[in-house]
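> predicted coordinates and the sequence they were generated for:
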Amino acid sequence: MTSTVNHDSIVCHARSINDRDAFWAEQARLVDWETPPQTVCDDSRLPFAHWFKGGTTNLCHNAVDRHVAARGDQDALVWISTEVNETRRYSYAQLQQEVMTTAAMLRSMGVQRGDRVLIYMPMVPEAAFAMLACARIGAIHSVVFGGFAAQALATRIEDAEPRVIVSCDAGMRGGRSIPYRPLLAQALSLSRHVPEAVLDLDRGLASDADTGLTGWPASSPRHDFAALRAQHLQAQVPVTWLESGEPSYILYTSGTTGKPKGVQRDTGGYAVALASSMRLVYNTQPGERMFTTSDIGWVVGHSYIIYGPLINGMTTVMYEGTPLQPDPGIWWRICEQERISTMFSAPTAIRVLRKTGTDPIKACDLSRLRQVFCAGEPMDETSHDWLQQALGIPVIDHYWQTETGWPMLSLLTGVEPPKVQLGSPGLPVYGFDVRLFRDDGTEAGPGEKAIVGVVPPLPPGCLSTLWRDDKRFVDTYFSLFSDRLVYSSFDWGIRDADGYYRILGRTDDVINVAGHRLGTREIEECLLSHPDVAEVAVVGLTDALKGQVPVATVVPKGHVLQGSPEERAALQSRLQQHVRERLGSIAHIQNVYVLGGLPKTRSGKVLRRAIGAVLEGRPTGDLTTLEDATPLTQLQEQMLPR
Ligand code: ATP
Ligand code: MG
């Protein structure tokens, strides 16, 4: 068995825990400091940790300025939009000027160190400039995903209390114009906090009927982006050096389980964690090119579209568009044309692409592509194998959270060649003292399902607290046990004898059938291996006899959705039998509902709690993160005759 173990990764991890300060002092050299840190980690107030205390640095300097001398002409940011059919390239020198210009614009609007700037933007380069500009002048950005509606935006405005909001007239998705300005105007009217001004990029995409200009609140005047930019084209704005622990940004979690939490990130620890992860986790080199298919509204976008690749002197591709338009080959053509060597995507996107087959992949020269990383949801083996075989390179599942800011379980491709273990996001990443805990606080052994926890301090780059709510930070993440500080991931996992973890689902989603605990993932994965199934979500419903029983909502391949009740019943029994044969009668699926799509958050995660609520006739709770309500309506319709 030992031949399947990644030895050097384990050695690296052990060193990071046993010789913590020496390990991180070494990693800290990957970053430029104005003043070197005095203390590697002040852990005197756990669970709070102050990494690289006394050091002063700047994220924008590390991501942009320090590369200009050696790589001024190299592409730093390539923006590709299949929505407005445009590509723009910014070299490091150009990026530096754009960022200084945007920094001067923000300053002219009154933004100072420590002020919050909320960025509500689609995937456009100006959004990246605004993020880096904030970092440059020590303002704290809070990017809110551009797909959020007024109420969700208003909640975040109230919590972050931004001095200025950066936004635009409209975005585009799948060829449709998505108005931003009217949503922002509405959010401003809902919010108790009033920002002083709005920096408004006019993309010329708003329809005449919906410019959002009528009824704009006078209390937050609009400043036109282009007009203000013209005044600051040559601006020189020096970086503001920040103490390592000063906040760099606030980012709200995806809200899959409920009210989003304002994750606060530091400056120095984050810079070091990202610089280090680009080398050791992702095995990327300066000058290489990376394509991360996420959105700047999510943590993956913060860490691996913007800061990580730039800190490492790479070229990053920022894509505005969907994976399917103009056709399902678009991502692979981007990889070919942009000579991408590392790609980062999400299982949900891979499942969507799998439905369209391998032809789009075969049509491209992907000889430079070395590796694809995936995170965000459990990666099912069927989709993983499909992609790995089609590309002929490692597809690496890795696991992390908004809270951690960078991977917590992964294979370290920069430490040794990955030995991919199917169904597993790998080993604990250095710095994370990951353990599995039973309900009573004792540690679980190999093969035992338990809660995934981390013994503090959390490594550099993780959340330093929740925005203005230290108490909620401690209460939310560290109160699993009364006698021991443990960070709870709220995920449920299992570890094999070689130390490889497998995430079984969120603790909320675990199903308890007659005293046996089943992760939703186990059953979902089993169903996904059935040829009739394209997507699936399993939830547990209350049952008088067994406690809970699993029920599946399935998106079938082919035409069963429009099919007769008999066809659906036949599919149900095929799937029930499939699960019974593989997982045993304990996992017997009580009901299979056939849907056209699954209810997902805007970040593409399945909202199991909403499915469960609908099926049990309970209130669905906070649905502001729901992408499309159609699947829930379809589900309700199917329940009616029962
Ligand atoms: P909220 O915390 O607001 O409910 P969220 O947990 O969906 O939202 P994120 O931080 O975006 O917000 O997602 C992190 C979660 O995604 C993890 O806790 C885990 O449940 C899931 N996840 C991420 N990567 C993986 C992976 N490789 N395998 C399994 N699950 C994963
Ligand atoms: Mg979470």
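Great, that's in hand. Residues are numbered from 1 along each chain as shown. Ligands and ions are numbered 1, 2, ... in the order given.
> any weak-confidence spans in the stretch 151-300 of the chain?
Applying pLDDT under 70 to the stretch 151-300 of the chain flags the ranges 257-258.
> swap the cut-off to 80 and go again
Applying pLDDT under 80 to the stretch 151-300 of the chain flags the ranges 208-210, 254-260.
> how about the residues of it near ligand 1?
T253, S254, G255, T256, T257, P260 (CB under 6 Å from any ligand atom). In short, each C-beta sits where N, CA and C put it, glycine included.
> any idea which of those has the most stuff around it?
Of all those, G255 has the most neighbours under the rule other CB atoms under 10 Å, reaching 24 neighbours.
> which strand or helix spans that one?
Under the criterion DSSP states H and E, no helix or strand holds G255.
> didn't it look like it was pressed against D622?
Yes. The pair G255 and D622 passes the contact test of CB atoms under 8 Å, sitting 6.8 Å apart.
> burial of C60, as a residue count?
27.
> domains in this protein, as residue ranges please.
Following automatic domain parsing, the chain resolves into domains at 7-321+398-490, 516-639.
> separation between the residue in the stretch 351-500 of the chain that ligand 1 sits nearest to and S191?
Of all residues in the stretch 351-500 of the chain, the one sitting closest to ligand 1 is T402 (3.3 Å; CB to the nearest ligand atom). According to CB to CB, to the nearest Å, T402 stands 22 Å off from S191.
> quick one: contacts of stretch 482-489?
46-47, 401, 408, 435, 437, 441, 451-456, 458, 477-478, 480, 507 (CB atoms under 8 Å, 6 or more residues apart in numbering).
> quick check: pLDDT value at the residue nearest to D532 when sequence neighbours are not counted.
Once flanking residues are discounted, D532 sits nearest to P556: 5.4 Å by CB to CB, 6 or more residues apart in numbering. What the model reports as pLDDT for P556 is 90.
> hey, what's P556 bridged with?
Counting by DSSP bridges, P556 is bridged to V533.
> least confident secondary structure element in the protein?
The helix or strand of the chain with the poorest confidence is strand 516-518; it has a mean of 85 (mean pLDDT, DSSP states H and E).
> which parts of that one are buried?
Residues of strand 516-518 classed as buried: L518 (neighbour count, 16 or more other CB atoms under 10 Å).
> paired strands for it, with orientation please.
The strands beside strand 516-518 in its sheet (DSSP bridges) come out as strand 511-513 (antiparallel).
> what lies in contact with the partner strand?
With CB under 8 Å, 6+ apart as the test, strand 511-513 has contacts from 517-520, 523, 538-540, 546-550, 586-587.
> neighbour-wise, give me the winner out of these.
Neighbour-wise, the contacts of strand 511-513 (other CB under 10 Å) top out at V538, 30 neighbours.
> buried ones in the helix or strand containing that one?
Element membership for V538, per DSSP H and E: strand 533-543. Going by neighbour count (16+ other CB under 10 Å), the buried part of strand 533-543 is V533, A534, E535, V536, A537, V538, V539, G540, L541.
> identify the bridge partners of the last one.
It refers to L541. Once the bridges are assigned, which here means DSSP bridges, L541 pairs with V549.
> which sections of the chain are below the confidence cut-off?
Ranges of the chain meeting pLDDT under 80: 1-4, 147, 208-210, 254-260, 558-563, 622, 639-642.
> ok, now which residue in it is the farthest from the centroid?
In the chain, the residue that sits farthest from the middle, by CA atoms, centre = their mean, is E566; the gap is 40.4 Å.
> in which helix or strand does that residue reside?
helix 565-583.
> about what we covered before: among the buried residues of strand 533-543, which one sits closest to G245?
Nearest to G245 among the buried residues of strand 533-543 is A537, at 40.0 Å by CB to CB.
> is the closest one in contact with L528, as I believe?
No. Using CB under 8 Å, A537 makes no contact with L528, being 10.7 Å away.
> winner for burial among the domains of the chain?
domain 7-321+398-490 (a mean of 20; mean count of other CB atoms under 10 Å).
> report the distance from that domain to the chain centre.
10 Å (CA atoms, centre = their mean, to the nearest Å).
> contacts only, for N6.
Shown in contact with N6 (CB under 8 Å, 6+ apart): L411, L412, V415, E416, P418, K419, G426, L427.
> L324 too?
L324 sits next to I330, V352, T356 when contact means CB under 8 Å, 6+ apart.
> wait, the second one sits on P323?
This means V352. Yes. V352 is in contact with P323 according to CB under 8 Å; the separation is 6.0 Å.
> thinking again about what came up before, hmm, who's touching the strand holding V538?
Here strand 533-543 makes contact (CB under 8 Å, 6+ apart) with 351, 355, 509-513, 518, 520, 523-524, 527-528, 548-557, 575, 589-590, 597-599, 606, 608-609, 611-612, 615-616.
> ok so, going back, now do the helix holding E566 against strand 533-543, angle only.
80 degrees (axes from the mean of the first three to the mean of the last three CA atoms, to 10 degrees).
> packing partners of the next helix or strand after helix 565-583?
Using DSSP H and E, the helix or strand that follows helix 565-583 towards the C-terminus is strand 592-594. If contacts are counted by 3 or more CB pairs under 8 Å, 6 or more residues apart in numbering; DSSP states H and E, strand 592-594 sits against strand 547-556, helix 565-583, helix 630-639.
> any chance of those in TSV, plus distance to A76?
Listed next are those as TSV, based on distance: least, CB to CB, whole Å:
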stretch	distance to A76
strand 547-556	39
helix 565-583	48
helix 630-639	40
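> can you tell me the SS state at E336?
Following DSSP: H, G, I helix; E, B strand; the rest coil, we place E336 in the helix state.
> from G215, how far out is the residue lying closest to D202 once chain neighbours are set aside?
Using CB to CB, 6+ apart and skipping the chain neighbours, the partner closest in space to D202 is D169 (5.1 Å). Between D169 and G215 the distance is 15 Å, computed by CB to CB.
> do the same with W24
Counting by CB to CB, the separation of W24 from G215 is 52 Å.
> write out the residues of the stretch 451-600 of the chain neighbouring ligand 1.
Taking CB under 6 Å from any ligand atom as the measure of proximity, the stretch 451-600 of the chain contacts ligand 1 at S489, D491, I503, R506.
> so which of these is the closest to M343?
I503 (21.3 Å).
> I'd say that closest one and W492 touch.
Yes. I503 is within contact range of W492, at 7.3 Å (criterion: CB under 8 Å).
> hey, what's in contact with both of these two?
When contacts are counted by CB under 8 Å, 6+ apart, I503 and W492 are jointly contacted by V452.
> contact partners for the residue of the stretch 351-500 of the chain closest to ligand 1?
Counted by CB under 8 Å, 6+ apart, T402 has contacts L251, Y252, T253, S254, V263, W298, V299, L463.
> from Y92, how far out is the closest residue to F145 other than its chain neighbours?
In space, and not counting its chain neighbours, F145 is closest to G297: 2.8 Å by CB to CB, 6+ apart. G297 is 25 Å from Y92, where distance means CB to CB.
> kindly report the same for I17.
Taken as CB to CB, the span from I17 to Y92 is 36 Å.
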